[in-house]
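[1] got a sequence here, can you build the structure:
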Amino acid sequence: MSGVNLRSLHQSFWTPTRRSMRGWALAAVVVNAGITVTGAAVRLTGSGLGCPTWPRCTPDSFIPVAHPEISPINTAIEFGNRMLTFLVLAVAVACFLAALRLTPRRSSLLRLAALQPVGVLTQGLWGGLVVRSALNPVTVSVHFLVSIGMIAAAYALYARSGEGDEPPRRLVHRDIRTLGFALVGSVLVLLVAGVVVTGTGPHSGDEAASRFSFDIETVARIHADLVWIAVGLTIALAFALHVTNAPGLARRAALVLFAVELAQGVIGYVQYFLAVPAFLVGLHVLGSTLVWIATLRVVFLMRSRGSLPDATAPQAKAAQVGI
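    Next comes the predicted model:
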């Protein structure tokens with residue numbers, strides 16, 4: 001990376017603009033979604049205990065070393081995912097610094113940005129518990145759900161950095177807004193059900209890992225029923241937004257969510273009938289994060305906090321009074 005690019009990168013969070021602040025927030029959404037998917041890849045490749053200890057990779061080393069009982073490929077995959085945590089942390093710190101040094105400072109952004117480094121550190125510590133519990137499905141499930149919370153916080157930072165600080169004003173009818181909140185709740189319940197299915201299924205991350213004792217057919221059907229509830233609420237929301245002539249961005253966002261849900265549903269049913277091959281499970285995890293992000297986007301677009309004040313207004317006013 002050239003010196004000019006490094007300088008620009010440094011200035012983007014040390015002397016941030018509104019645009020660079022929002023850019024770092026978007027980067028936080030991307031890296032949090034990305035490490036959620038790569039974390040699933042660790043489990044799907046049977047690499048969950050590729051580094052059998054924490055914080056070291058092996059009992060005697062922080063970096064991978066040859067181990068007679070562990071495949072070097074599994075070790076590389078698990079260690080690589082641990083290294084990605086530092087990328088997520090770097091983006092989180094950049095978000096916080098950008099919010100801290102933004103002029104004028106906005107406390108709402110600073111609070112949301114502070115959640116990023118705190119969340120990454122929490123995830124890192126919880127990841128250690130996942131390893132030390134030998135991939136207990138409860139700890140693995142919580143690990144995923146915390147990532148979902150991190151994505152929500154990052155998306156809230158992204159949305160808030162592009163709008164003002166006025167009290168929230170509904171852009172749709174109150175009942176439609178309530179329907180949107182119900183949709184968020186249903187998707188969240190769906191994600192919880194999804195981790196239960198995953199924790200019951202065959203991809204444990206390691207042969208030594210335990211599984212939930214539920215019947216896989218039963219939990220898979222419950223999950224499918226919850227999918228239809230979320231899809232039904234999405235259809236209802238899209239229809240309500242259309243007939244009430246809601247803002248175009250909100251209407252299109254609902255349609256995008258519906259399309260993502262359809263694609264996710266196809267992947268889900270195909271993986272079920274093909275006995276859950278690892279590749280399709282990985283795609284399904286990616287789809288879960290995209291459904292979550294698309295759901296959050298719809299809800300945020302149904303209200304407004306006003307536009308950002310014109311950054312040039314203070315300078316213009318100063319010029320008028322001869323300052």
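[2] CA atoms for contacts and neighbours, from now on please.
    Noted.
[3] and the longest helix seen in the chain, what other elements does it pack with?
    Longest helix of the chain, by residue count under DSSP state H: helix 72-101. Under the contact criterion of 3 or more C-alpha pairs under 8 Å, 6 or more residues apart in numbering; DSSP states H and E, helix 72-101 touches helix 3-14, helix 18-44, helix 107-132.
[4] out of these, which is closest to Ala99?
    Proximity to Ala99 (C-alpha to C-alpha) singles out helix 107-132 among these, at 5.1 Å.
[5] may I see the buried residues of that closest one?
    In terms of neighbour count (16 or more other C-alpha atoms under 10 Å), helix 107-132 has its buried residues at 109-110, 112-117, 119-120, 123-124, 126-132.
[6] sorry, back to before: got the angle for the longest helix of the chain vs helix 3-14?
    60 degrees (axes from the mean of the first three to the mean of the last three C-alpha atoms, to 10 degrees).
[7] orientation of helix 72-101 relative to helix 107-132 in degrees?
    160 degrees.
[8] got any ranges where this protein has weak pLDDT?
    Along the chain, the parts satisfying pLDDT under 70 run over 1-3, 310-323.
[9] same thing but 80
    1-4, 67-69, 309-323 (pLDDT under 80).
[10] picking that back up, and the longest helix of the chain, how far from the chain's centre?
    Distance of helix 72-101 from the chain centroid (C-alpha atoms, centre = their mean, to the nearest Å) equals 14 Å.
[11] that one: which residues count as buried?
    For helix 72-101, using 16+ other C-alpha under 10 Å, the buried residues are 72, 74-79, 81-82, 84-85, 88-101.
[12] likewise for stretch 168-181?
    Taking 16+ other C-alpha under 10 Å as the criterion, stretch 168-181 shows 172, 176-177, 179-181 as buried.
[13] repeat that for stretch 218-235.
    219-220, 223-224, 226-227, 229-231, 233-235.
[14] any chance of these in JSON lines, plus secondary structure and distance to Val142?
    Formatted as JSON lines, those follow (DSSP: H, G, I helix; E, B strand; the rest coil; distance: C-alpha to C-alpha, whole Å):
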{"residue": "Val219", "secondary structure": "helix", "distance to Val142": "18"}
{"residue": "Ala220", "secondary structure": "helix", "distance to Val142": "19"}
{"residue": "His223", "secondary structure": "helix", "distance to Val142": "18"}
{"residue": "Ala224", "secondary structure": "helix", "distance to Val142": "21"}
{"residue": "Leu226", "secondary structure": "helix", "distance to Val142": "20"}
{"residue": "Val227", "secondary structure": "helix", "distance to Val142": "20"}
{"residue": "Ile229", "secondary structure": "helix", "distance to Val142": "23"}
{"residue": "Ala230", "secondary structure": "helix", "distance to Val142": "22"}
{"residue": "Val231", "secondary structure": "helix", "distance to Val142": "25"}
{"residue": "Leu233", "secondary structure": "helix", "distance to Val142": "26"}
{"residue": "Thr234", "secondary structure": "helix", "distance to Val142": "26"}
{"residue": "Ile235", "secondary structure": "helix", "distance to Val142": "30"}
